[in-house]
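Colleague: missing the sequence, but the structure's below:
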């Protein structure tokens, strides 16, 4: 009998099973592949400071990072990509790389660096999910990590300050959204009639941006104009997560 699998992750809100991109990727892939995973939110625990999420626990094995967790699930014969051709597999890796390079920095800026969003949405949410006194520490630490990562990947000379990077961040992100919208077209999923790992990654990246009540976000406004991408998120939520609601 296979060992039970537990997924530690940030909890849900805004109609989503998690507000955390990496957690959403794993949650979606588990649904797509039929993996039975017990979800253990780290909210309101001291793990909000120490845990690396998502983390999949199976027996004595602990696996972190979405790509590693998805590989582990495939080895357990939970494979949403088994029908993909070699070309489609290569396209999957290319689009995931595009998401990481072009969209992730803008998402981190939107939630963690943009002052209006951070003060009114991100910081209160993560503070409210962290026990005292970590509620004073966790949001600031996550924001600092996000800013450092943006500058490390996008702050090459002569772009040294975050204000000088912002325009490029959002230009790249909008281009990425446009490419995803064009690639999806009128289809329900990116490859065929069943969702794959690429659909899990796209869902994880897009749905927080789509569903969060952001007071300031030109990137969210751009996504909302790409109706096939918002329908893509809505359909996955309805088909795979509806029974798990409400999420707040």
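Modeller: In hand now; what should we look at? What you are looking at is a predicted structure, and each value in this text was computed from that prediction instead of being measured.

Colleague: alpha carbons only for contacts and neighbour counts from here, please
Modeller: Noted.

Colleague: other SSEs contacting the lowest-mean-pLDDT helix or strand in the chain?
Modeller: For the chain, using mean pLDDT, DSSP states H and E, the weakest element among its helices and strands is helix 47-50, scoring a mean of 84. Here helix 47-50 touches no other helix or strand, going by 3 or more Cα pairs under 8 Å, 6 or more residues apart in numbering; DSSP states H and E.

Colleague: Okay, now the sheet partners of whichever helix or strand comes after it, with direction.
Modeller: As assigned by DSSP states H and E, the chain's next helix or strand after helix 47-50 is strand 55-58. Take DSSP bridges as the rule and strand 55-58 pairs in its sheet with strand 5-9 (antiparallel), strand 61-64 (antiparallel).

Colleague: Please identify the deepest-packed of these.
Modeller: strand 5-9 (a mean of 22; mean count of other Cα atoms under 10 Å).

Colleague: and the next element down the chain from it?
Modeller: Next element after strand 5-9 (DSSP H and E): helix 21-33.

Colleague: and the helix or strand following that next one, which residues are buried?
Modeller: Using DSSP H and E, the helix or strand that follows helix 21-33 towards the C-terminus is strand 37-41. Residues of strand 37-41 classed as buried by neighbour count (16 or more other Cα atoms under 10 Å): 37, 39, 41.

Colleague: Surely the first one is in contact with residue 7?
Modeller: Yes - the criterion here is Cα atoms under 8 Å, and residue 37 meets it with residue 7 at 6.4 Å.

Colleague: now stretch 210-222: how far from the chain's centre is it?
Modeller: 15 Å (Cα atoms, centre = their mean, to the nearest Å).

Colleague: quick one: the helices in the protein?
Modeller: 21-33, 47-50, 66-75, 86-98, 104-108, 115-117, 123-128, 138-154, 162-184, 197-211, 218-224, 227-236 (DSSP state H).

Colleague: Switch these over to TSV; also include distance to residue 57.
Modeller: Listed next are the helices of the chain as TSV, based on distance: least, Cα to Cα, whole Å:
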stretch	distance to residue 57
helix 21-33	13
helix 47-50	15
helix 66-75	10
helix 86-98	24
helix 104-108	26
helix 115-117	33
helix 123-128	23
helix 138-154	23
helix 162-184	32
helix 197-211	20
helix 218-224	34
helix 227-236	25
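
Colleague: how about those helices, which one is nearest residue 58?
Modeller: Comparison of those against residue 58 by Cα to Cα identifies helix 66-75 as nearest, at 9.9 Å.

Colleague: tell me the angle of that closest one relative to helix 197-211?
Modeller: Here helix 66-75 runs at an angle of 140 degrees relative to helix 197-211 (axes from the mean of the first three to the mean of the last three Cα atoms, to 10 degrees).

Colleague: same question for helix 66-75, mean pLDDT?
Modeller: The pLDDT scores in helix 66-75 average 96.

Colleague: Tell me where this protein is predicted with low confidence.
Modeller: Flagging of the chain using pLDDT under 70 yields the residue ranges 1-2, 154-164, 243-248.

Colleague: So which residue is dead centre in it?
Modeller: residue 21 (1.6 Å; Cα atoms, centre = their mean).

Colleague: now that residue: how far from residue 53?
Modeller: 10 Å (Cα to Cα, to the nearest Å).
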